[in-house]
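In: I'd like to go over a predicted model; first the sequence, then the structure.
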Amino acid sequence: MEKLFDAEGITSSERYFYTPSSFARKHLCYVQEAGCLKSLKPHASIRENVESFLFFYVREGTGCVRYEGKTYELKKGDAVFLDCREHYEHESSVSSPWELAWVHFDGAKAEAVYPLFKKQNAEQPVFMLGRHEEEAAELIGMLLADKGENSIEAELRSDGVVTRLMLLCLQLAGEKKEAVVFDGIREALNEELGKSAPTIDGIKEALVARYGADIDSLDAFFNARYGISIEGYAANRMLNKAKELLRFTIKPMQEVIAESGIGSEEKLRSLFMENENMSPEDYRKKWAQWIKG
């Protein structure tokens, strides 16, 4: 694979290459290259058609990245998450050559997550780490600690680290948008779900009243931010409540339906068949601690 930051003589770098196993390629997010560099003199690099995703952040200095026809100026604490299959360029500045830390990775999980990140980040590859810069440094440091090891243990560790890194990208991409638009909507939704016998309609009405926006706008934002609709999120939480009641109480089914907020026996049975492939009665028989024999 072509080196991501290949600038011999004009950078000082620590890098490790990884050759993923067939198991990792099939099942995991696998690392291809990770490292840190310091520019010794200003330089530009151009890449495209690389089968990989790239995360890097600016430790010191300044520079820019050009991606999908746009130029983004970068400074300390700025991060980039992009698809290297597309044409991109990165360039250290003349006045303040940068220091970077990066990881180059691929896998089906990354292919699924990246469109979610782009959607949440207004189709841009750049975002600010802010107070999370130390966390990003720690995660890349964990990858560097393996020094190119390709054992199954190392590959499973790397999969976990890259997953955490992508989660950080998603959280920070959405954080900026949420602060401007519907601050704390998930917390508000959880608050409504925690009330006695919530209903989907009641929850929607409460959110509309709280934010002064129509439910379609709220739902579009929530879906873009969390990858699930308000109703889908609420139904999932209600199903979990129903499971809790079935496992740890002897309450009859109608009380379970009311207290969970699911609202009807038909809906309850539909949710259990869809998610557990069994009826609520069978779920209780299999899981309830108070049933003996």
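Out: Sure, I can see it. Numbering: from 1, shown residues only.

In: what number of residues lie near the closest residue to G148 other than its chain neighbours?
Out: Nearest residue to G148, sequence neighbours excluded (C-beta to C-beta, 6 or more residues apart in numbering): Y16, at 4.2 Å. Bear in mind the C-beta positions are built from the backbone N, C-alpha and C, glycine included. By other C-beta atoms under 10 Å, 15 other residues sit near Y16.

In: tell me the mean pLDDT over the helix or strand where Y16 lies?
Out: Under the criterion of DSSP states H and E, Y16 resides in strand 11-17. Mean per-residue pLDDT for strand 11-17: 79.

In: Which residues does that strand contact?
Out: By C-beta atoms under 8 Å, 6 or more residues apart in numbering, the residues outside strand 11-17 that reach it are 3, 5, 32-40, 43, 143-144, 146-148.

In: buried sites along the helix or strand just after it?
Out: Once the chain leaves strand 11-17, the next helix or strand it forms, by DSSP H and E, is helix 22-27. Of all the residues in helix 22-27, those buried under the rule 16 or more other C-beta atoms under 10 Å are A24.

In: Please state the offset of helix 22-27 from the chain centre?
Out: With C-alpha atoms, centre = their mean, to the nearest Å as the basis, helix 22-27 stands 21 Å off its chain's centre.

In: any idea of the mean pLDDT in it?
Out: On average, helix 22-27 scores 95.

In: Direction included, what does whichever helix or strand comes after it pair against?
Out: The helix or strand immediately downstream of helix 22-27 is strand 30-39, counting by DSSP H and E. Partners of strand 30-39 in the sheet, by DSSP bridges, are strand 11-17 (antiparallel), strand 99-106 (antiparallel).

In: doesn't R66 fall inside a helix?
Out: No: counting by DSSP: H, G, I helix; E, B strand; the rest coil, R66 is located in no helix; its state is strand.

In: The residue nearest to G148 pairs with what?
Out: On the basis of DSSP bridges, Y16 is bridged to A34.
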